[in-house]
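Visitor: Sequence first, predicted coordinates after that:
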Amino acid sequence: MDFEKGKEKRSRKKFEGQEELENYIKTAKKPRFNDFVAKNISQLVHWSLDENREISELFSLWKTRFALTFKEFGKIPNADTFKGSCDTTWKDMKKLIDSTMKKKLTYKILSMKSIVASTSLSNFSPTTPPTSSAVPSLVTQHESDFVSSAHQSDKSDRANTNDDDDDDGIFDIEHFVHDMTYKSHLGYTISSKQARKLVEIKDAIDTDMVSTMMKIGAHILTKQLTKTTLSVTEEALLELSISRIINMLNTSMQDTYREFFSQYQWARTHNVVSALNLDNYDDLSPESSALFDVIVHAGDNICDIIAFIDEKKWQISKTRCQQQSQPYTLLLIMEHIVRNLERWSKKADESELTFYRRFATILEFVFDYTDVALVDGDNSCEATKNVAHLSKAIFIPMQTAPVYGKKIDLMLRYDGNMKIELTSNEWKRSRVQEDLKLKHHCSNDISELLAMDFIGNVGYLYMLKLTEDGIYVASLLSKLIVPKDLSNLDMFKQTLDYLFKTKVFFFFCA
């Protein structure tokens, strides 16, 4: 059993055209905002009559509604999904909306005058003809001014409401906390009413897991609004919390989780963490494990160990099929490690590329003769790019700047009928700043992820698991180390174990 699911639906208030919008996104093979607008121009005029917004506000409103509805159906966006600009189409719609609203107000006044006139006529004597002023005919200049004034007043009221209330009447806590985070990071002013809402969210009790994560985000945001400078850990925790990620690798963050989680939630989190392991996947075989131990003790210097490895490689390679065996792969990896021992700088000033190159070669040996391809060169991850498209459409719909995915040093892809991104890996030089380390730890946002992060020659392998109620839990699987001297060579065994476990894990994923 996993986390207790939140029963309440995180929904939005009903709006005119919601059913039609949901039906379009549900049935369209490739739903696109521009296509929805083109097919529903006249209906959009009718659905927007009560909004009384400026052109840019109207465009943002419907684009946000489209993005939120798209998100609810769990579809994957692309570069064209939310494409659109506040062009002449929206200007023409705005003119029609204003014209229709003016007519509605005019008819309302005429109806009121008719009622008054009818009441007055009933009191007249049959012999007394009604005055012309008692019968409504044309709207006077004064009445026309009143119509315009009323229309402007409605717009003003709406604008004032937007300053303090979340757009589109949204009462979704998760959306609200995200929106406030975006506004805070962009330097927008948070109103007193919005600040009070954040406090209410922070102080809420008996919340489900998603709402509890939003409580943590609201807690950090309210701290930031008091002009308190956030620590690097708090900044990372804010990003992770509103992304529904529980980072169990960081002990400082665990202290915050214990403060906000109920006993049940904390216990269930630990149950998820305990289940995150690679125990059922094969590591070094007994033969490979024994061979590793012999290599480590094969000599007191690099030359002796290389000579031993060369002899073992020659013995195994005589049988062609054994060149793809795990023991032979182990020999290739150990030769690479040992030959690099004298290449490490005593000042530990190697570049990020140096660390990456030396470890990537190890991965190439591990995944030889498989369908897993190593794709390097600071690639852009499609999964993070899709999320960026969605977030921009929801929170900053007027922005037209291009969206880019997160740059990743190395991705492993399974080359079947389609390429599947299996993992992301990051390498940083030894002396990288602490804030950069944490920022990289909170930048992955994929449904299931097995990843490596390296700082110099020391790193870790972790798993990010999506639970049933939509929470991601990140947990450490193993520390990884690339030895720099012979005395630490035996420490590489655990790293090898988990590299081979990872290899088997990817086959099950693919």
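Guide: Received the coordinates, thanks.
Visitor: out of everything not next to it in sequence, what's closest to Thr81?
Guide: Arg32 (5.8 Å; C-beta to C-beta, 6 or more residues apart in numbering). Glycine gets a C-beta too; all of them are placed from N, C-alpha and C.
Visitor: ok, the one you found - contacts?
Guide: Asp80, Thr81, Phe82, Lys83 (C-beta atoms under 8 Å, 6 or more residues apart in numbering).
Visitor: now these as CSV including neighbour count?
Guide: Output for the contacts of Arg32, formatted as CSV (neighbours: other C-beta atoms under 10 Å):
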residue, neighbour count
Asp80, 13
Thr81, 23
Phe82, 23
Lys83, 15
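Visitor: Spatially, which two of those are the most separated?
Guide: Using C-beta to C-beta, the two most remote members of those are Asp80 and Phe82, lying 8.0 Å apart.
Visitor: Going by neighbour count, which residues in stretch 50-62 are buried?
Guide: Glu51, Asn52, Arg53, Ile55, Glu57, Leu58, Phe59, Ser60, Leu61, Trp62 (16 or more other C-beta atoms under 10 Å).
Visitor: helix, strand or coil for the second one?
Guide: Using DSSP: H, G, I helix; E, B strand; the rest coil, the secondary structure recorded for Asn52 is coil.
Visitor: roughly how far apart are it and Asp172?
Guide: 23 Å (C-beta to C-beta, to the nearest Å).
Visitor: again, but for the fifth one
Guide: As for Glu57, its distance to Asp172 is 20 Å (criterion: C-beta to C-beta).
Visitor: Surely Phe66 touches Phe82?
Guide: Yes. Counting by C-beta atoms under 8 Å, Phe66 does reach Phe82; the two are 7.1 Å apart.
Visitor: Find the residues that touch each one of the two.
Guide: Contacts common to Phe66 and Phe82, judged by C-beta under 8 Å, 6+ apart, are Phe33, Ala393.
Visitor: coming back round to it: export the buried residues of stretch 50-62 to a markdown table and tack on pLDDT and distance to Trp344?
Guide: Formatted as a markdown table, these follow (pLDDT from 0 to 100; distance: C-beta to C-beta, whole Å):
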| residue | pLDDT | distance to Trp344 |
| --- | --- | --- |
| Glu51 | 76 | 64 |
| Asn52 | 76 | 68 |
| Arg53 | 84 | 62 |
| Ile55 | 86 | 62 |
| Glu57 | 87 | 59 |
| Leu58 | 89 | 61 |
| Phe59 | 89 | 57 |
| Ser60 | 88 | 54 |
| Leu61 | 89 | 58 |
| Trp62 | 91 | 58 |
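Visitor: out of those residues, which one sits closest to Asn457?
Guide: Ser60 (48.6 Å).
Visitor: host element of the closest one?
Guide: helix 55-72 (DSSP states H and E).
Visitor: Just give me how far stretch 294-304 sits from the chain centre.
Guide: Relative to its chain's centre, stretch 294-304 lies at 48 Å (C-alpha atoms, centre = their mean, to the nearest Å).
Visitor: Only alpha carbons, please: show that stretch as PDB.
Guide: Extracted C-alpha coordinates of stretch 294-304, given in PDB (Å, rounded to 0.1, in the frame of the first residue of the first chain):
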ATOM      1  CA  VAL A 294      42.700 -10.800  -7.400                       C
ATOM      2  CA  ILE A 295      43.300  -7.700  -9.500                       C
ATOM      3  CA  VAL A 296      43.400  -5.400  -6.500                       C
ATOM      4  CA  HIS A 297      46.100  -7.500  -4.900                       C
ATOM      5  CA  ALA A 298      48.000  -8.300  -8.100                       C
ATOM      6  CA  GLY A 299      50.900  -6.000  -7.300                       C
ATOM      7  CA  ASP A 300      52.200  -3.000  -5.500                       C
ATOM      8  CA  ASN A 301      52.500  -0.700  -8.500                       C
ATOM      9  CA  ILE A 302      50.600   0.100 -11.700                       C
ATOM     10  CA  CYS A 303      52.800  -1.800 -14.000                       C
ATOM     11  CA  ASP A 304      52.400  -5.100 -12.200                       C
END
